[in-house]
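A.B. asks: 3D, please:
(one chain, ligands or ions: 4)
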Amino acid sequence: MPLDIVPSVCPHDCPSTCALEVERLDSSRIGKVRGAAGNSYTAGVICAKVSRYAERQHHPARLGQPLRRVGAKGQGIDAFEPISWDDALDSVAEALIRQTQRYGSETVWPHFYAGTMGLVQRDGIERLRHVMRYSRQHSTICVALADAGWLAGAGVRRGLDSREMAESDLIVVWGGNPVSTQVNAMTHISRARKDRGAKLVVVDPYRTGTAAVADTHLALRPGTDGALVCGMMHVLFKEGLVDRAYMARYTDAPEELAAHVATRTPEWAAAITGLDPQVIIDFARLYGETKRSFIRIGYGFSRSRNGAANLHAVSCLPAVTGAWQYRGGGALYSNGGLYGLDKTLIEGLDVKDRSVRILDQCRIGPILLGDRRDLGDGPPITALFIQNTNPMVVCPDTTKVRAGFARDDLFVCVHEQFMTETAAMADIVLPATTFLEHDDLYVASGHTHIQIARKVVEPFAEARSNHAVLCALAERLGADHPGFRMSEWELIEDMLATSGKPSATEIHAARWLDCALDFETAHFLDGFGHPDGRFRFKPDWAAVGPDHKSMPALPDFAPIIDAADAEHPFRLVAAPARQFLNTSFTETPSSQAREKRPTVLVHPADCDRLGIAEGARVRLGNRLASVVLHARVFDGLQPGVLVVESIWPNNAFEEGLGINALVSADAGPPRGGGVFHDTAVWMRPA
Ligand SMILES: Nc1nc2c(c(=O)[nH]1)N[C@H]1C(S)=C(S)[C@@H](COP(=O)(O)OP(=O)(O)OC[C@H]3O[C@@H](n4cnc5c(=O)[nH]c(N)nc54)[C@H](O)[C@@H]3O)O[C@H]1N2
Ligand SMILES: Nc1nc2c(c(=O)[nH]1)N[C@H]1C(S)=C(S)[C@@H](COP(=O)(O)OP(=O)(O)OC[C@H]3O[C@@H](n4cnc5c(=O)[nH]c(N)nc54)[C@H](O)[C@@H]3O)O[C@H]1N2
Ligand code: SF4
Ligand SMILES: [Mo]
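C.D. replies: Ligands and ions are numbered 1, 2, ... in the order given. This is a model prediction of the structure:
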């Protein structure tokens, strides 16, 4: 019998948003998953973990029934008993109503992130929030710092088309690791290298899989990118590698920038970054002499207290050399701002009230423990309704997060596919569909397509989609909004119609709609996103966010990081792991086997000094906590830098406390953002 191949879209939190082809074995089972060859970005390639998706989809531990906790928090599936959907939804609605009556609606926090990136299933929770006037969420866990840095300069969240790498002579991957985190970027990079001999430079504190295949790897100290950029600009101005005519026409303050970087010599930058001055000079010359230079800006290097400043600094480079004017020249951070979709109905924006309190997602620990800096004069959080995220593991300052979730007076409902550590803290757990079991529409930050996927197989057991659960809860809560009376498909249809796009049927039949802009617009030759059309070397940081006092006026090294000191001599980067996607896939045996165990990469000189052998148990600690893991001797980073690829569940660590126990819940300026790669620690043999 011929195989039944059904189109779909990868929903996971990844810039690639791959177009997929799924083998359907019958109405409930899938076989292999492949990348769609016909999509010019996916180009037939997907990551290994999603090609093995059957393992996650048909995992024996998939949640199939609503559950009520009858044992202690945090004990896992044995502490729960199955209940009916009606009983489960009634219990959740009763709890939300009871807590609201007692404390007011802001006591409820619908907490979510991007477990699925589909707009209906991810963002529908906002509609419930706004209708019910529950506390609002400032989603700071991923792009807040990077967005702030990019928007400060370019003014709009879009950039080059990734496929233009085919016309680039130099590709710089800055603070990202596409070999692990967006494999498709590598497809386009490899083609440019093969077809036109393009050079690849990687700027990253450690030799990642991407850095290992590059022509040049600049292994700087974490949090020092601003210094590297200034050192490069010094050389560019001094050696006449800047485009003064371009800057005069398209930028705000080229003369001030020139005067500013005149004092930022390569030697100055070398002292801060730990790189050799000649390496900085050579990189500046290569960049300045190559017109078709494509900087792929990663998210990773923005996850520092000075991350927004550093990202802005990097985004200044193509404006200094005028690379934007050439095919294959410029930069891409995200194309998320490209699509122009009207999300009023999905998110209930028509009933959103900006006077309702807003809570910082990354500060869930302090918030649950009653920190007044976050709660203001509003009520404590006494009810959490969670979809699409696993805060017990992914949020900073695990000790506080855990203590918060352990509160006896906190009601928690988690809608999940698996018994995550967060679900294990819940009073009620609801089983969720996967993307193969519901309909949705997807946009991408790494490419330019809108895609629509319909369900491929029937929902597992009693699993329900996020949309279905929100509608059922809305009914019980008396939350009235047209969005709760529509199907997923109707919401998609309506959004496309009000956004002036082709219909859902048309896009679905064609599989995707390419929204790529013409050369002139994509390269900002008709102006950047600010009213005067100019790129900002000297941003109006006050307009970007309220906490702007520490932002440098012009690109610079902002010395506000958790710097190493005598007590905490190491700088820790908690980078993503290749076989996991945040904590998704930590449940699949093949990913676990490939990642082996929580491991810290340590420079040989540090190992010798501290008497740490390959595979030895070591303890890392700081003021917040300490964790035990195993060392790997690794010469692809500077002495004094440690890397732990994450995000292993807490319970994969010997003492049950994972890497985010060391990460601070400080909000990165100017408008918040998790500082996952900005931690000073000590290390000793355990
Ligand atoms: N396999 C896999 N894929 C993923 C994820 C995953 O966990 N695993 N996560 C997904 C998500 S949610 C996101 S947001 C993206 C993120 O994807 P990326 O854009 O790749 O960002 P990060 O993964 O956070 O970090 C990437 C790199 O930044 C480096 N870095 C850290 N600090 C600095 C610094 O100060 N300067 C410089 N130059 N580099 C620094 C790290 O060493 C790391 O190699 O990936 C997505 N894809
Ligand atoms: N140490 C360290 N910590 C980090 C990072 C790092 O680089 N280092 N990166 C940070 C970043 S960039 C991010 S984005 C966050 C991500 O953190 P999270 O958003 O928590 O990402 P995941 O851990 O993948 O959890 C997503 C959950 O959603 C569930 N899910 C998937 N689809 C659906 C659905 O349709 N419905 C429902 N109800 N649930 C669904 C999955 O089963 C999974 O448990 O982590 C952050 N934490
Ligand atoms: S590369 Fe990213 S979008 Fe593509 S299949 Fe893997 S996780 Fe999904
Ligand atoms: Mo992310």
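
A.B. asks: as CSV, could you dump the C-alpha coordinates of the host helix or strand of residue 173?
C.D. replies: Using DSSP states H and E, the element containing residue 173 is strand 170-174. Only the C-alpha atoms of strand 170-174 are listed here, as CSV (Å, rounded to 0.1, in the frame of the first residue of the first chain):
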residue,chain,number,x,y,z
LEU,A,170,30.7,36.4,4.1
ILE,A,171,28.3,35.0,6.7
VAL,A,172,28.7,35.9,10.3
VAL,A,173,26.8,33.8,12.8
TRP,A,174,26.8,36.0,15.9
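
A.B. asks: by contact count, what packs against that strand?
C.D. replies: Judged by 3 or more C-beta pairs under 8 Å, 6 or more residues apart in numbering; DSSP states H and E, strand 170-174 is in contact with helix 183-196, strand 199-203, helix 277-289, strand 293-297. C-beta: built from backbone N, CA, C; applies to glycine.

A.B. asks: can you put these in TSV and add distance to residue 558, mean neighbour count and mean pLDDT?
C.D. replies: What follows is the helices and strands packed on strand 170-174, written out as TSV (distance: least, C-beta to C-beta, whole Å; neighbours: other C-beta atoms under 10 Å; pLDDT from 0 to 100):
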stretch	distance to residue 558	mean neighbour count	mean pLDDT
helix 183-196	28	19	96
strand 199-203	17	23	98
helix 277-289	19	19	98
strand 293-297	18	27	98
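
A.B. asks: ok, then the element right after the strand holding residue 173?
C.D. replies: Past strand 170-174, the next helix or strand by DSSP H and E is helix 178-181.

A.B. asks: is that following helix anywhere near ligand 1?
C.D. replies: Yes: using C-beta under 6 Å from any ligand atom, helix 178-181 reaches ligand 1 at 180, 181.

A.B. asks: contact partners of the longest helix anywhere in the chain?
C.D. replies: Scanning the chain for the helix with the most residues, using DSSP state H, yields helix 85-103. The contact list for helix 85-103, computed with C-beta atoms under 8 Å, 6 or more residues apart in numbering, reads 66-68, 83, 107-108, 132, 379-380, 382-383, 385, 411, 413, 427-428, 430, 462, 464, 469, 472-473, 476-477.

A.B. asks: sorry, back to before: what angle sits between the strand holding residue 173 and strand 293-297?
C.D. replies: Put simply, strand 170-174 runs at 20 degrees to strand 293-297, going by axes from the mean of the first three to the mean of the last three C-alpha atoms, to 10 degrees.

A.B. asks: any idea of the mean pLDDT for strand 170-174?
C.D. replies: On average, the pLDDT along strand 170-174 is 98.

A.B. asks: what residues does that strand touch?
C.D. replies: 165, 185, 189, 192, 198-204, 210, 214, 225, 286-287, 290, 292-298, 301, 314.

A.B. asks: go again using 7 Å as the cut-off
C.D. replies: By C-beta atoms under 7 Å, 6 or more residues apart in numbering, the residues outside strand 170-174 that reach it are 165, 189, 192, 198-203, 210, 286-287, 290, 293-298, 301, 314.

A.B. asks: likewise for stretch 224-237?
C.D. replies: Outside stretch 224-237, the residues touching it (C-beta under 7 Å, 6+ apart) are 175, 203, 220, 242, 258, 261-262, 264-266, 268-269, 272-273, 275, 280-281, 283-285, 287-288, 301, 306, 309-310, 313-314, 316-317, 320-321, 555-558.

A.B. asks: between the helices and strands packed on strand 170-174, which one is nearest to ligand 3?
C.D. replies: Closest to ligand 3 of those is helix 183-196 (C-beta to the nearest ligand atom; 4.8 Å).

A.B. asks: report the contact partners of the residue in the chain positioned nearest to ligand 1.
C.D. replies: With C-beta to the nearest ligand atom, the shortest gap between the chain and ligand 1 falls at residue 300, namely 2.0 Å. Residues in contact with residue 300 (C-beta under 7 Å, 6+ apart) are 175, 176, 177, 575, 677.

A.B. asks: list only buried entries from these.
C.D. replies: 175, 176, 177, 575, 677 (16 or more other C-beta atoms under 10 Å).

A.B. asks: of those residues, just say which sits nearest to residue 651.
C.D. replies: residue 575 (20.7 Å; C-beta to C-beta).

A.B. asks: can you pull the contacts of that closest one?
C.D. replies: Counted by C-beta under 7 Å, 6+ apart, residue 575 has contacts 177, 300, 643, 645, 677.

A.B. asks: lowest pLDDT pick from the residues you listed?
C.D. replies: residue 300 (93).

A.B. asks: leaving aside the residues next to it on the chain, what's closest to residue 167?
C.D. replies: Nearest non-adjacent residue to residue 167, counting by C-beta to C-beta, 6 or more residues apart in numbering: residue 328, 3.5 Å away.

A.B. asks: is it correct that that neighbour falls within a strand?
C.D. replies: No: read with DSSP: H, G, I helix; E, B strand; the rest coil, residue 328 is coil and lies in no strand.

A.B. asks: give the contact list for it.
C.D. replies: Counted by C-beta under 7 Å, 6+ apart, residue 328 has contacts 164, 165, 167, 168, 169, 292, 294.
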